[in-house]
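>>> Prediction below, plus the sequence it came from.
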Amino acid sequence: ISIGGFKTAHTGWLTLMSPPTSGLGSTAWHNIVIKCPFYKVYPKGAPVSLEYKIGCFALADELPKLFREANILYWAKALLGLVYDFIDCVLASASEPIPFDIPHVCFVKAGLALSYYQDSSKPASKAVSAHAGFLLKEVVDGGDESFVKYIHNMDPNPFLD
């Protein structure tokens with residue numbers, strides 16, 4: 001789909017063996033965005049330019065980055081839910097309606113996926129090891145008309161235009 005400042009984004013689908021009743025992976029072949037962290041590899045001996053190759057992290061370096069982002073999304077979504085619960089409580093006890101609309105923003109549903117492989121050179125072996133990690137995010141339907149990205153990783157300043 002695209003390349004950001006430190007992750008690539010790819011289209012994909014998710015099918016879980018025991019799917020949840022709602023949310024990410026609740027349907028078979030659930031459309032998702034698969035994100036992978038990367039680092040930029042610039043040509044050696046040349047000044048830093050706009051041209052670079054994509055370097056992949058070793059699994060030991062990649063997993064902490066993915067776990068951190070997934071954990072931040074989890075807590076951000078939970079805290080945002082508490083904020084809206086508080087707002088709803090205050091509005092319910094207000095003596096008159098407020099004279100403005102309160103926007104409802106959200107975080108995309110996301111999850112962490114690990115790819116495992118089994119060593120096929122040893123048929124009797126049942127040992128499996130992690131091969132790669134991915135951040136899975138929901139696809140936001142509706143295009144640019146119904147979706148506004150207020151904050152992104154490259155610039156923490158809100159897009160208020």
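Yep, it's here.
>>> rest of the way, CA atoms for contacts and neighbours
OK.
>>> Longest strand in the protein, please.
strand 128-138 (DSSP state E).
>>> Any chance you could list what contacts that one?
24, 31-36, 59, 62-63, 66, 70, 108-119 (CA atoms under 8 Å, 6 or more residues apart in numbering).
>>> Narrow the residues you listed to those in helices?
Residues of the contacts of strand 128-138 located in helices (DSSP state H): 59, 62, 63, 66, 70.
>>> thinking again about what came up before, flag every buried residue along the longest strand of the chain.
By neighbour count on 16 or more other CA atoms under 10 Å, the buried set for strand 128-138 is 132, 133, 134, 135, 136, 137, 138.
>>> now residue 52, nearest residue through space, not along the chain?
Spatial nearest neighbour of residue 52, chain neighbours left out: residue 42 (4.7 Å); criterion: CA to CA, 6 or more residues apart in numbering.
>>> Any figure for the gap between the one you found and residue 107?
According to CA to CA, to the nearest Å, residue 42 stands 33 Å off from residue 107.
>>> Find the nearest non-adjacent residue to residue 13, please.
Counting by CA to CA, 6+ apart, the residue nearest residue 13 is residue 31, at 4.4 Å.
>>> That neighbour against residue 15, yeah?
No: with contact defined as CA atoms under 8 Å, residue 31 does not reach residue 15; the gap is 9.3 Å.
>>> got a list of what the closest residue to residue 137 other than its chain neighbours touches?
For residue 137, ignoring the flanking residues on the chain, the nearest one in space by CA to CA, 6+ apart is residue 110 at 4.2 Å. Contacts for residue 110 (CA under 8 Å, 6+ apart) come out as 24, 70, 73, 135, 136, 137, 138.
>>> Go through these and name the one nearest residue 85.
residue 73 (18.3 Å; CA to CA).
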